[in-house]
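Peer 1: Sequence plus predicted model, see below.
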Amino acid sequence: MPSSCKEIRAALAECLQESECVMVQRHTAAECLRSPLAETLPTKCQQLKKGFGECRRGMIDMRKRFRGNQPITFKSLESSEKSGEGYQLYAGRSAFAGTARRTDGNEQEPQDWREVENEKYQKEQEAQKK
């Protein structure tokens, strides 16, 4: 298998080995990836499964035949998970980083653009009168 999917495959295997489906219920990893048991996997394993599928699909995608798959580094996923920033499982920039601001509830609401323009206009009118 090309190197673009090796890391996410290893991360999926590790996640499956640590899941309740394998550890407690004693199913094989292959059984846990199939339909009735796949819904019982932790969210992280489900995301890795989806990302691995997209990676494998990207290997034969004709739109990516020149550039190839964008490799994903699992280490960056772990660091973004610890820092609390969002991440995207397969290629590209982070899907959720920087979209939501953290607030304490005491911030002023930004002025509407019409109010800003109206204030500018009033200042110009006052400057012309003087």
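Peer 2: Okay, I see it. Numbering: from 1, shown residues only.

Peer 1: Helix or strand next in line after the helix or strand of the chain with the lowest mean pLDDT, which one?
Peer 2: Ranked by mean pLDDT, DSSP states H and E, the helix or strand of the chain with the weakest confidence is helix 74-83, at a mean of 56. Using DSSP states H and E, the helix or strand that follows helix 74-83 in sequence is helix 113-129.

Peer 1: Flag every buried residue along that following helix.
Peer 2: Across helix 113-129, burial judged by 16 or more other C-beta atoms under 10 Å covers no residue at all. C-beta: built from backbone N, CA, C; applies to glycine.

Peer 1: go on, stretch 49-61?
Peer 2: Quick answer for stretch 49-61 (16+ other C-beta under 10 Å): 49, 51, 52, 54, 55, 56, 58.

Peer 1: Report the two of those residues separated the most.
Peer 2: 49 and 58 (15.0 Å; C-beta to C-beta).

Peer 1: picking that back up, out of the buried residues of stretch 49-61, which are inside strands?
Peer 2: Among these, no member falls in strands (DSSP state E).

Peer 1: would you turn those into TSV with pLDDT?
Peer 2: What follows is the buried residues of stretch 49-61, written out as TSV (pLDDT from 0 to 100):
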residue	pLDDT
49	91
51	87
52	89
54	86
55	84
56	85
58	82
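
Peer 1: Tabulate the residues you listed in JSON lines, adding columns for distance to residue 40.
Peer 2: Output for these, formatted as JSON lines (distance: C-beta to C-beta, whole Å):
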{"residue": "49", "distance to residue 40": "12"}
{"residue": "51", "distance to residue 40": "19"}
{"residue": "52", "distance to residue 40": "18"}
{"residue": "54", "distance to residue 40": "22"}
{"residue": "55", "distance to residue 40": "23"}
{"residue": "56", "distance to residue 40": "23"}
{"residue": "58", "distance to residue 40": "27"}
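
Peer 1: what's the closest of those residues to residue 5?
Peer 2: Of all the buried residues of stretch 49-61, residue 5 sits closest to residue 55, with 4.3 Å by C-beta to C-beta.

Peer 1: Surely the closest one and residue 4 touch.
Peer 2: Yes. Counting by C-beta atoms under 8 Å, residue 55 does reach residue 4; the two are 6.4 Å apart.
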